[in-house]
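S.K.: Let's see this in three dimensions:
(chains A and B)
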Number of protein chains: 2
Amino acid sequence: MTPAKAFGLTIRRLRTQISYSQEKLAMISGLDRTYISLLERGQRQPTITTIFQLAQALDISSAELVSNVEVYIRENPSD
Amino acid sequence: MTPAKAFGLTIRRLRTQISYSQEKLAMISGLDRTYISLLERGQRQPTITTIFQLAQALDISSAELVSNVEVYIRENPSD
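M.R.: Okay, the predicted model is just below:
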């Protein structure tokens, strides 16, 4: 489980938990919907700026977002 | 204070706290010394993979590293 893949799956989980579509998350974060789709599939590496933008849009701290990614990796080491 | 700039200054602070040279941090993290120098000056955007590599090399969690970046931004909003 790479950080990029775990990040994508974490974003998808947090986004669906608050019933946001990719379109809505894109609008609120200022990112492109296609880019969010690529991120969620682990096909793009988010930068620190993107991480901060998405955390703000999801109404959590960036540290909390990254903590969720770390938990995901720990719980799914072989994915 | 952008996330990239705050990240660079945070890395520099954490690195010097444990008396690591850029060379030593480069060796332990597997990153290039020049790249670490650019990161510390806020001239490169670290990706999630780089963040995880640097956190591991600094012996802290990635969430803790990002938390330090958030604190830095809060304490230096106008830099």
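
S.K.: what ranges do the helices span in chain A?
M.R.: A:3-17, A:22-29, A:33-40, A:48-57, A:62-75 (DSSP state H).

S.K.: Pull out the buried positions in the last one.
M.R.: It stands for helix A:62-75. Going by neighbour count (16 or more other CB atoms under 10 Å in any protein chain shown), the buried part of helix A:62-75 is A:62, A:63, A:64, A:65, A:66, A:67, A:68, A:69, A:70, A:72, A:73. Every C-beta, even on glycine, is put in place using the N, C-alpha and C of the backbone.

S.K.: do the second one as well
M.R.: Under the neighbour-count criterion of 16+ other CB under 10 Å, helix A:22-29 has A:22, A:25, A:26, A:29 buried.

S.K.: before we move on, back to that, ok, and which of the buried residues of helix A:62-75 reach chain B?
M.R.: The subset of the buried residues of helix A:62-75 within reach of chain B, by CB under 8 Å from any CB of the partner chain, is A:62, A:63, A:64, A:65, A:66, A:67, A:69, A:70.

S.K.: Tell me how far the second one lies from residue A:32.
M.R.: Spelled out, that is residue A:63. Using CB to CB, to the nearest Å, we find residue A:63 at a distance of 25 Å from residue A:32.

S.K.: Would you reformat the ones next to chain B among the buried residues of helix A:62-75 as a markdown table and include pLDDT and distance to residue A:37?
M.R.: Output for those, formatted as a markdown table (pLDDT from 0 to 100; distance: CB to CB, whole Å):
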| residue | pLDDT | distance to residue A:37 |
| --- | --- | --- |
| A:62 | 98 | 21 |
| A:63 | 98 | 25 |
| A:64 | 98 | 23 |
| A:65 | 98 | 18 |
| A:66 | 98 | 21 |
| A:67 | 98 | 24 |
| A:69 | 98 | 18 |
| A:70 | 97 | 23 |
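
S.K.: residues near residue A:79, how many?
M.R.: By other CB atoms under 10 Å in any protein chain shown, the residues close to residue A:79 number 11.

S.K.: Would you point out which residue is most central in chain A?
M.R.: Centroid-nearest residue in chain A: residue A:11, 2.7 Å away (criterion: CA atoms, centre = their mean).

S.K.: mind listing what the residue lying closest to it once chain neighbours are set aside touches?
M.R.: Nearest residue to residue A:11, sequence neighbours excluded (CB to CB, 6 or more residues apart in numbering or on different chains): residue A:40, at 5.6 Å. By CB atoms under 8 Å, 6 or more residues apart in numbering or on different chains, the residues touching residue A:40 are A:8, A:9, A:11, A:12, A:15, A:22.
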